[in-house]
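[1] Pasting the sequence and the predicted model now:
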Amino acid sequence: MTRPRVFITRVIPEEGLALLRDACAIDLWEDELPPPYDILQRRAAEADGLLCLLSDRIDAALLEAAPRLRVISQMAVGYDNIDVSACTARGLPVGHTPGVLTETTADFAFALLMAAARRIPEAERYARAGRWKTWGPTLLLGRDIYGATLGIIGMGRIGQAVARRARGFAMRILYTDRAEVPEAAILGAEYRPLESLLAESDFVSLHVPLTPETFHLIDARALSLMRPTAILINTARGPVVDHTALYEALTGGQIAAAALDVTDPEPLPPDSPLLALDNCLVVPHIASASVATRGRMAVMAAENLLAGLRGERLPHPVNPEVFDRRR
């Protein structure tokens, strides 16, 4: 029997590839950079299944050119790069990998918070540059974390996991979301409207999906409401923050620092002014980059793909209504 053909848009951990090798004919894109859109469209047109990443644009035009596709599986929690409505209209199931990266991402968000607060990257560069001459009473003074106020924007799974870590530092925890979250009370977190949260917080950590409502949620006005000693942490999506406004806030003293795992665009160009700032820590979208977590994500993505190829309900569907229609 002919095995279904699948296009995988990047090398993924072996745990996931191993599940697919026996069942599928694999077309694997092995370059470090994602396939250009025209190549993605052409290779998808030859495939029964597509395993993709956030950097791949899956739009209506690609779907139109790929009538063989039976399933799309994304190795990520978010899926704002996929036209889910167009997939649903075609009856095409879309899978993702929720839940698995919650704790790993929360770890990293808190690591960014601590690194920015205590100016660790700046201090490391200072030492490597040979500028460390002696201990000094005012050398590289940072901000205290213990007992400070943390504002969490988006109290979903990752936001709640960050709140659990903050409790270990006796932090006062505030949060905002579309509505009050019952689980937040158990964590000792207090609900605030966005404006109040920004004004009261020493640290603001972003954990919202990218939607039309959250695009540039942190803009010039939002930044102007923050304390001049405050630090912004973004492990959500780059466009949630207006980077032009952020640069002005960091250079103008409106806020003390920022730590970004995600940017807009992504990656930032080497000449981005944000990369020249000591008070802006930028890392290359690695919040979920632990060996165990990325391995589990690859397995989940493979399992979604295989289920779709068999005509079964995906273990982790984005658009479950596709399966409801088939009943």
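    Received it, and whenever you're ready, just let me know what you need.
[2] mind listing what the nearest residue to Arg90 once chain neighbours are set aside touches?
    Excluding its sequence neighbours, the residue lying closest to Arg90 (C-beta to C-beta, 6 or more residues apart in numbering) is Leu63, at 6.1 Å. Using the backbone N, CA and C atoms, a C-beta is placed for each residue, glycine as well. The neighbours of Leu63, taking C-beta atoms under 8 Å, 6 or more residues apart in numbering as the test, are Leu69, Asp83, Ala86, Cys87, Arg90, Leu92.
[3] Asp271 and Arg294: what is the separation?
    Going from Asp271 to Arg294 by C-beta to C-beta, to the nearest Å gives 30 Å.
[4] check contacts around Ser196.
    Residues in contact with Ser196 (C-beta under 8 Å, 6+ apart) are Leu174.
[5] Can you tell me the element it falls in?
    helix 194-200 (DSSP states H and E).
[6] Can you give me the buried ones in that helix?
    Buried residues in helix 194-200, counting neighbours by 16 or more other C-beta atoms under 10 Å, are found at Leu194, Leu197, Leu198, Glu200.
[7] Same check on stretch 279-287?
    Buried residues in stretch 279-287 (16+ other C-beta under 10 Å): Asn279, Cys280, Leu281, Val282, Val283, His285, Ala287.
[8] The third one is in contact with Ala256, isn't it?
    Right, Leu281. No: in this structure, Leu281 is not within contact of Ala256 by C-beta atoms under 8 Å, at 11.8 Å.
[9] ok so, going back, just the buried residues of the contacts of Leu63.
    The neighbour-count test (16+ other C-beta under 10 Å) marks Leu69, Asp83, Ala86, Cys87, Leu92 as buried among these.
[10] Out of those residues, which comes closest to Ile145?
    Using C-beta to C-beta, Asp83 comes nearest to Ile145 of the buried ones among the contacts of Leu63, at 41.1 Å.
[11] quick one: which of Asp271 and Arg294 has more around it?
    Between Asp271 and Arg294, Arg294 has the larger neighbour count (other C-beta atoms under 10 Å), namely 21 against 7.
[12] residues contacting the residue nearest to that one when sequence neighbours are not counted?
    Nearest residue to Arg294 in three dimensions, chain neighbours excluded: Pro13, at 5.3 Å (C-beta to C-beta, 6+ apart). Applying C-beta under 8 Å, 6+ apart to Pro13 gives the contacts Arg294, Gly295, Met297, Ala298.
[13] Which members of the buried ones among the contacts of Leu63 are the farthest-apart pair?
    Leu69 and Asp83 (12.8 Å).
[14] Do I have it right that Leu250 meets Val282?
    No: Leu250 lies out of contact with Val282 (C-beta under 8 Å); the separation is 11.6 Å.
[15] Report the set of residues contacting both of the two.
    By C-beta under 8 Å, 6+ apart, the residues touching both Leu250 and Val282 are Leu274.
[16] what sits against Arg165?
    Residues in contact with Arg165 (C-beta under 8 Å, 6+ apart) are Ala106, Asp107, Phe110.
[17] 10 Å - rerun?
    Contacts for Arg165 (C-beta atoms under 10 Å, 6 or more residues apart in numbering) come out as Glu103, Ala106, Asp107, Ala109, Phe110, Ala111, Leu113, Leu150, Met171.
[18] One more: Leu198?
    By C-beta under 10 Å, 6+ apart, the contact list for Leu198 reads 151, 153, 174, 176, 192, 204, 218, 221-227, 230, 232, 255.
[19] Which strands and helices lie in contact with the helix or strand that the helix holding Ser196 is followed by?
    Per DSSP H and E, the first helix or strand lying C-terminal to helix 194-200 is strand 203-206. Packing partners of strand 203-206 (3 or more C-beta pairs under 10 Å, 6 or more residues apart in numbering; DSSP states H and E): helix 102-117, strand 149-153, helix 157-167, strand 172-176, helix 194-200, helix 220-225, strand 231-234, strand 257-260.
[20] can we see that at 6 Å?
    Helices and strands touching strand 203-206, by 3 or more C-beta pairs under 6 Å, 6 or more residues apart in numbering; DSSP states H and E, are strand 149-153, strand 231-234.
[21] The residue positioned nearest the centre of the chain and Pro228: what is the separation?
    Nearest to the mean C-alpha position of the chain, by C-alpha atoms, centre = their mean, lies Ala236 at 4.3 Å. Distance, Ala236 to Pro228, using C-beta to C-beta: 23 Å.
[22] repeat for Gln41
    48 Å.
[23] Pro93 too?
    49 Å.
[24] Report the angle between the longest helix seen in the chain and helix 102-117.
    Determined from DSSP state H, the single longest helix within the chain is helix 291-309. Interaxial angle of helix 291-309 relative to helix 102-117 (axes from the mean of the first three to the mean of the last three C-alpha atoms, to 10 degrees): 140 degrees.
[25] Go through helix 291-309 and flag the buried ones.
    Applying 16+ other C-beta under 10 Å to helix 291-309 flags 293-309 as buried.
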